[in-house]
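S.K.: Okay, predicted coordinates and the sequence, questions at the end:
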Amino acid sequence: MIFFKLALRNLIQARRKTLLIGSALATVSLLLVILLGLTQGMSENMLRSATTLVTGHVNIAGFHKTRPQDSAPMITDSPKLRKTLEDIVRDRATIVDRGRGWGKIISETSSFQAVLTAIDIESESNLKKRVPLAPQNIYKENGTDKILGDMSRLSNPNTVLLFASQAKRLGVDVGDIVTITMETVRGQRNTVDAEIVAIAREMGAFSSWNIFIPKTLYRNLYKLTDTSTGAFYLYLDDIHEAANVRAELQTKLEEAGYRVMEYSPKPFFRKFEIVGGEDWTGQKLDLTIWEDEITYMAWANKALDGLSFTLIGILLIIIIVGIINTTFMAVRERIREIGTVRAMGMQRHQVLTLFLIESMVMGSVSSLAGSLLASLLALVVNSAHIPLPSEALQAVLMNDTLFISVHPTQILQTVVLFTLLTTVGAIWPSFRAATLEPVRALQHTR
Amino acid sequence: MSMYGISTVLYFLSIGLSQGEMISLLELIDNRQKNSGDYRAVAIIEQKERNKTDLLYESVIYRRDEEDKLIILFSKPKTEAGKGYLRIDRNLFMYDPTVGKWERRTERERIGGTNSQRSDFDESRLALEYTPEFKGNEKLGKYEVHRIKLRAKPKVDVAYPVLEMWVDKKTKNVLKRQERALSGRLMRTSYYPRWNKLYSESKKAEIYFPKEIRIIDALEKGKRTTILMRKVDLKPLDKNIFTKAWLESQSR
């Protein structure tokens, strides 16, 4: 305890130096927390965006083949499968089913290809909560800041929900009509004119190639029966259970008499060619988890991880060199002081402990201050909804505004890391200080 | 002339084709384009689209109709050279030399991303795939034509379930064709302003082919594709040409 008091007194006495080094450490820890927050934010955005737009935590999809060369991504008898799934998962998950299609969206001035996600808006409470509608000025020049449209109108048959960048590309607004054209299971072209009933905010890369249509429209376009759907999405209470639940379902569905494809951790659209080349007809189920359906986005995570790793590495090297240098300077400045305390009877290990505690206190207090400041900054940035300038950046960061996610664990990690680094960095200079002969130290002149 | 007489004349002037005559006409159109031997042609595909850069491709078409085989091999521009499509029976594959991979594509693949389709380059199968319905005799520009509506036969896989054709009464050449979606919406209008014919040694008859096809997209305004057929050659092709290995070797 006495060493803590001494260390604190020393730090307070040299307050200018302490403040200077402390602020440098706090700034670096602030940068580190912000960097970690950005990575975490992107990761959370990706999970939120993916599980809202393109996948459940666990997916029970399937392929139906009337001829061996077909590969239609659909389940033909969905009520029976839903019942089986409900019996297996009971209250562990919420079950939603969606249709899956692919088509071209055409306006008066432009067009683009998109995944057609068919939903029953009444049963999509999560979607309504997680997909905010965009004010008109986001997708239209000289538009107002009012939100037009209403997502619940997707219950009407020939309607469509677009995302802001899509509306911008097509030059359309709520109430306009777009033409959707696609190929049926048998390869015939079909079209429909659909009214835009809502335009949502960007949710990253997934929202650039995904649109929502009502199930009635999907069935009408593809000429399907009322019992057909694309996939069942299971939303679990604990997403970490996804792999276990998938494995359990694989076994139990096979036991229930379903033909289930061998597990392949790939998104469904990467299986068309494989399924089309297999020599079977009828229905087969295909089970995946959310990570499998977005493997094509793994590059974005890897790139950001790589960038964070490099930046954090550089930061850490700067910190270690800085700490060693600072402690060396401190020791040099305090050689006579060390001589005095040694002459008064302080042992070598006690000198070493005193210097290490000083560094430790400096590291922990500064990094805590820096981390707390970073949390505050994140809070301000998130509530300011700072728009991301380019569509490419929005696609990579999976949001249309800057989002920094700081968690208490990140603050704890940063404080522990900095305390450890400052302490370790001070070992060598402190050891040099402790090994000084008292007589020589007292004779030392600046 | 009495009213009865005028009506009788008008009736005989506008009299349509019977079901049998229409089927015979479709068979004639199909047979005239079908070669019992091989077929090679250079196709220049140009696409113009509003607010987009024009696309211009040169490709070589190889056909062996008896075996349902087709190759579309791109030769220009340089960036697309070596890319190709191979149709064997009902399967269409696409090869991209930049990644060295084959991909299965649907029969309705847009060739090179243009509005042209495999069927624009392949043999005609109208009599096999569609049931005709006579719509009337009309004038298309200076030409007297039969207007025939075609509906896809049940369980036959075609891109457009409904077609309308304007066939020159005199030459029996297709001059205009409209393709409609299941919903009845007009998707494409194609014009065939020029036809040509070549004597085929293997068939011992003349083979007809359109020298030019102009495709107008009915959904995307301003999107037009022109296909020009050049250097049509009916000499026998190498036996092993319709293989993945051969197509891959063209880009090495």
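M.R.: Sure, I can see it.
S.K.: Tell me where the model's unsure across the chain.
M.R.: As the question left the chain open, I've gone with chain A. A:444-446 (pLDDT under 70).
S.K.: Chain B is the one I meant
M.R.: For chain B (pLDDT under 70), the answer is B:1-15, B:107.
S.K.: Name the residues of it found near chain A, please.
M.R.: B:50-51, B:90-91, B:103-104, B:106-108, B:152, B:157-161, B:179, B:181-183, B:185, B:187, B:219-221 (Cβ under 8 Å from any Cβ of the partner chain). In this view, the C-beta of every residue, glycine as well, is placed from N, C-alpha and C.
S.K.: and the residues you listed, which are buried?
M.R.: Neighbour counting with 16 or more other Cβ atoms under 10 Å in any protein chain shown marks B:104, B:106-108, B:152, B:157-161, B:179, B:181-183, B:185, B:187, B:219-220 as buried within these.
S.K.: neighbours around B:Arg32, how many?
M.R.: By the criterion of other Cβ atoms under 10 Å in any protein chain shown, B:Arg32 has 18 neighbours.
S.K.: which strand of the chain spans the most residues?
M.R.: Just going to use chain A. strand A:93-106 (DSSP state E).
S.K.: think we crossed wires, I meant chain B
M.R.: Assigned via DSSP E, chain B shows its longest strand as strand B:186-200.
S.K.: other SSEs contacting that one?
M.R.: Counting contacts by 3 or more Cβ pairs under 8 Å, 6 or more residues apart in numbering or on different chains; DSSP states H and E, strand B:186-200 packs against strand B:174-180, strand B:205-217, strand B:224-233.
S.K.: what residues does that strand touch?
M.R.: Residues outside strand B:186-200 that contact it (Cβ atoms under 8 Å, 6 or more residues apart in numbering or on different chains): A:181, A:189, A:191, B:32, B:35-37, B:115, B:120, B:160, B:171, B:173-181, B:205-219, B:229, B:232, B:234.
S.K.: Now, of those, which are buried?
M.R.: A:181, A:189, A:191, B:32, B:35, B:37, B:115, B:120, B:160, B:173-181, B:207-210, B:213-219, B:229, B:232, B:234.
S.K.: Report how many residues lie close to the closest residue to B:Pro210 other than its chain neighbours.
M.R.: Nearest non-adjacent residue to B:Pro210, counting by Cβ to Cβ, 6 or more residues apart in numbering or on different chains: B:Tyr192, 4.6 Å away. Using other Cβ under 10 Å, B:Tyr192 is surrounded by 19 other residues.
S.K.: Please apply the same query to B:Trp246.
M.R.: Using other Cβ under 10 Å: B:Trp246 sits among 16 other residues.
S.K.: So out of everything in the stretch 201-350 of chain A, what residue is nearest chain B?
M.R.: Per Cβ to the nearest Cβ, A:Glu273 is where the stretch 201-350 of chain A lies closest to chain B, at 4.9 Å.
S.K.: List, one by one, the residues from the stretch 1-150 of chain A near chain B.
M.R.: A:69, A:106, A:108-111.
S.K.: what's the closest of these to A:Phe431?
M.R.: Nearest to A:Phe431 out of these is A:Ser110 (Cβ to Cβ; 69.8 Å).
S.K.: How much space separates that closest one from A:Asp173?
M.R.: 14 Å (Cβ to Cβ, to the nearest Å).
S.K.: Can you tell me the element A:Phe232 falls in?
M.R.: strand A:231-236 (DSSP states H and E).
S.K.: isn't there a helix covering A:Ile319?
M.R.: Yes: assessed with DSSP: H, G, I helix; E, B strand; the rest coil, A:Ile319 lies in a helix.
S.K.: That one contacts A:Thr423, doesn't it?
M.R.: No: contact criterion Cβ atoms under 8 Å: A:Ile319 and A:Thr423 do not qualify, at 11.9 Å.
S.K.: Now do the residue nearest to B:Pro236 when sequence neighbours are not counted against B:Ser200, distance only.
M.R.: The shortest distance from B:Pro236 to any non-neighbouring residue, by Cβ to Cβ, 6+ apart, is to B:Asp38 (5.2 Å). When distance is defined by Cβ to Cβ, B:Asp38 is 10 Å away from B:Ser200.
S.K.: just the helices in the stretch 1-150 of chain A please.
M.R.: A:2-13, A:15-53, A:78-89, A:125-130, A:136-139 (DSSP state H, counting those that start in this stretch).
S.K.: mind putting those helices in a markdown table, mean neighbour count and distance to B:Lys239 included?
M.R.: Formatted as a markdown table, the helices of the stretch 1-150 of chain A follow (neighbours: other Cβ atoms under 10 Å in any protein chain shown; distance: least, Cβ to Cβ, whole Å):
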| stretch | mean neighbour count | distance to B:Lys239 |
| --- | --- | --- |
| helix A:2-13 | 14 | 90 |
| helix A:15-53 | 19 | 51 |
| helix A:78-89 | 16 | 50 |
| helix A:125-130 | 14 | 57 |
| helix A:136-139 | 20 | 57 |
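S.K.: Spit out the contact partners of the nearest residue to B:Tyr160 once chain neighbours are set aside.
M.R.: Take B:Tyr160 and drop its neighbours on the chain: the residue closest to it by Cβ to Cβ, 6+ apart is B:Glu179, 3.8 Å away. Contact analysis of B:Glu179 by Cβ under 8 Å, 6+ apart lists A:189, B:159-160, B:162-163, B:186-190.
S.K.: could you redo the last one with a cut-off of 10 Å?
M.R.: By Cβ atoms under 10 Å, 6 or more residues apart in numbering or on different chains, the residues touching B:Glu179 are A:189, B:117, B:119, B:150, B:158-165, B:186-190, B:215, B:218.
S.K.: likewise A:Leu234?
M.R.: Applying Cβ under 10 Å, 6+ apart to A:Leu234 gives the contacts A:56-60, A:85, A:88-89, A:92-96, A:242, A:245-246, A:249, A:287, A:289-290.
S.K.: Looking at B:Asp38 and B:Ser200, which one has more neighbours?
M.R.: B:Asp38 (23 against 18).
S.K.: Show me where the chain has its strands.
M.R.: Using chain A here. In chain A, the strands defined using DSSP E lie at A:58-65, A:93-106, A:111-119, A:159-163, A:177-183, A:189-200, A:210-214, A:231-236, A:282-289.
S.K.: oops, chain B please
M.R.: Counting by DSSP E, chain B has these strands, from start to end: B:38-48, B:55-64, B:69-76, B:84-88, B:91-96, B:101-105, B:130-140, B:143-152, B:162-168, B:174-180, B:186-200, B:205-217, B:224-233.
S.K.: Could you report the distance from the residue nearest to B:Pro210 to B:Leu26?
M.R.: Distance from B:Tyr192 to B:Leu26, by Cβ to Cβ: 15 Å.
S.K.: What of A:Phe163?
M.R.: From A:Phe163 to B:Leu26 the distance is 46 Å (Cβ to Cβ).
S.K.: Comparing those two, which residue is more hemmed in?
M.R.: A:Phe163 (28 against 23).
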